[in-house]
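1. Just a sequence and a predicted model for now, questions to come.
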Amino acid sequence: MSQAVSPELSMSLPNRVVRRVSARTGVKPVELIRFIKFAIVGAIGMVVDLTVLTFSREILGLPLMLAVALGFSTAVVSNFTWNRFWTFPESRDRPIASQLVQFTVVNLIGLGINEAIVLGLHPIFSGLLQDPFAYLGAKVIAIGVVLFWNYGVNRVWTYKGIE
């Protein structure tokens, strides 16, 4: 004897979560999924960023400001690639050069925000932790703040008009 399964139960857990969050926030499910993908890409970028930052600082001995910029820039290239092919695949119909310029401009402003947060929090964290934990803690906070800046501005400028 077969019983009908409700549509809610037949959906996967991630789909149910997306629908619930969407219903509560008023954000379209497709936009919420894009933000989640953007955040996953950002997490990959964070690993790239922190790896390059730590290597540049601890192995190469670069000044913190330069090491932060190098890690951030490497992550931007990774994030642009992943976002173009996975988060916003519809954007591949557009010229890559202009899109990369827009993405880079948004991220350069994000770099300024990132640097300000890291360099502002580093002295505070240094009173509590030793490097590399002090600057990495500051960096993780900066990445969280810049995530929302990057998504918001890239969504309305770099990826505008994508439904």
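-> Here it is on my side, so go on.

2. Would you mind pulling up the elements that the helix ranked longest in the chain packs against?
-> Identified as the longest helix of the chain according to DSSP state H is helix 96-126. Judged by 3 or more C-beta pairs under 8 Å, 6 or more residues apart in numbering; DSSP states H and E, helix 96-126 is in contact with helix 64-82, helix 133-153. The way it works is simple: take the backbone N, C-alpha and C, and place the C-beta from them, glycine included.

3. Including mean neighbour count and distance to residue 42, could these go into a markdown table?
-> Converted to a markdown table, the helices and strands packed on helix 96-126 look like this (neighbours: other C-beta atoms under 10 Å; distance: least, C-beta to C-beta, whole Å):
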| stretch | mean neighbour count | distance to residue 42 |
| --- | --- | --- |
| helix 64-82 | 19 | 7 |
| helix 133-153 | 18 | 5 |
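
4. still on that earlier bit, next, the angle from the longest helix of the chain to helix 133-153.
-> Helix 96-126 runs at 140 degrees relative to helix 133-153, counting by axes from the mean of the first three to the mean of the last three C-alpha atoms, to 10 degrees.

5. List the buried residues of helix 96-126.
-> For helix 96-126, a neighbour-count test (16 or more other C-beta atoms under 10 Å) marks 99-100, 102-104, 106-107, 110-111, 114-115, 117-118, 121-122, 125 as buried.

6. CA atoms only: put stretch 145-163 into CSV for me.
-> Taking Å, rounded to 0.1, in the frame of the first residue of the first chain, the C-alpha atoms of stretch 145-163 are listed here in CSV:
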residue,chain,number,x,y,z
VAL,A,145,32.3,42.1,6.4
VAL,A,146,33.6,42.3,2.8
LEU,A,147,31.5,39.3,1.8
PHE,A,148,28.3,41.4,2.1
TRP,A,149,29.9,44.4,0.4
ASN,A,150,31.1,42.2,-2.5
TYR,A,151,27.9,40.3,-3.0
GLY,A,152,25.7,43.4,-2.8
VAL,A,153,27.7,45.6,-5.2
ASN,A,154,28.6,42.8,-7.6
ARG,A,155,25.0,41.7,-7.8
VAL,A,156,23.7,45.1,-8.7
TRP,A,157,26.6,46.2,-10.9
THR,A,158,28.7,43.3,-12.3
TYR,A,159,25.9,40.8,-12.5
LYS,A,160,22.9,43.2,-13.0
GLY,A,161,20.0,42.0,-15.1
ILE,A,162,20.6,38.3,-14.4
GLU,A,163,17.4,36.8,-13.2
